[in-house]
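A.B. asks: One predicted model, sequence on top.
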Amino acid sequence: MNGNTISERIKANAKELFFAYGLKSVSMDDLARLSGVSKKTIYQYYQDKDVLVHAVVVDLVQLHERLLNTYQSIAKDAIDEALMWDTQLFGIWANIHHRFFYEVKKYYHEAWMELEYYSLKMRNFIVENLERGKKEGLYRNDINVVFIAELSMHQHISLLRSQFTTTQKFSSNRLAKEITVFHLHSITLERGKTLLDNYINTIN
């Protein structure tokens, strides 16, 4: 087994443990056992936990960005794009234990900066979607795209907080979809509302 394969396996297993249990409750011994290697081998590829956490976060944001770019390019229109983001992409974040993000922010500064930087990119994606919808005659021309983008980001980040989602009967994925549909109905023109209803019927 070559070095790249071992490195990727360690990182994949680290994701599995970190995303399920958070960071502080997972030891390098736990990771070594799951990966079938010694701790010494782990440290040959990742000099410490900080480096490993950073690698996991970079992988996470790169995957999400690749998918965002893909959906942006294949979407038939702005509404199709927005719906794909929430039906296909929100689960990537929703399936990660809330403790992971809390502990990255508290203990792993460089990794947290990657997430902060990526949040700016996500806002730009939302702004581009809003501008696209206006050009396509689907969204209202009077919307404040910067404000709407910030509001959309805030709503989705709130969904990732356990104190919000655990008191609901719906899954966070279902809530994300409902919020997106509500959001789209508030900014669409009549043509956009008709198109949105058609997409929702197709999804259902």
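C.D. replies: Nice, I can see it.
A.B. asks: could you pull out the helices for the protein?
C.D. replies: 3-21, 28-35, 39-45, 49-74, 78-84, 90-94, 98-107, 109-135, 145-159, 162-165, 172-187, 190-203 (DSSP state H).
A.B. asks: among those helices, which is the most enclosed?
C.D. replies: Highest mean neighbour count among these (mean count of other CB atoms under 10 Å): helix 78-84, with a mean of 23. Every C-beta, even on glycine, is put in place using the N, C-alpha and C of the backbone.
A.B. asks: domain parsing for this structure?
C.D. replies: 1-47, 54-203 (automatic domain parsing).
A.B. asks: Mean pLDDT lowest where, among those?
C.D. replies: Lowest mean pLDDT within the domains of the chain: domain 54-203, a mean of 87.
A.B. asks: Could you work out the end-to-end span of that one for me?
C.D. replies: 36 Å (CA to CA, to the nearest Å).
A.B. asks: Kindly report the same for stretch 127-142.
C.D. replies: Stretch 127-142: ends 14 Å apart by CA to CA.
A.B. asks: so how far is it off the chain centroid?
C.D. replies: Its chain's C-alpha centre and that of stretch 127-142 lie 23 Å apart, by CA atoms, centre = their mean, to the nearest Å.
A.B. asks: Residues contacting that stretch, please?
C.D. replies: Applying CB atoms under 8 Å, 6 or more residues apart in numbering, the contact partners of stretch 127-142 are 72, 77-79, 81-82, 143, 145-146, 148-149, 187-189, 191-192, 195.
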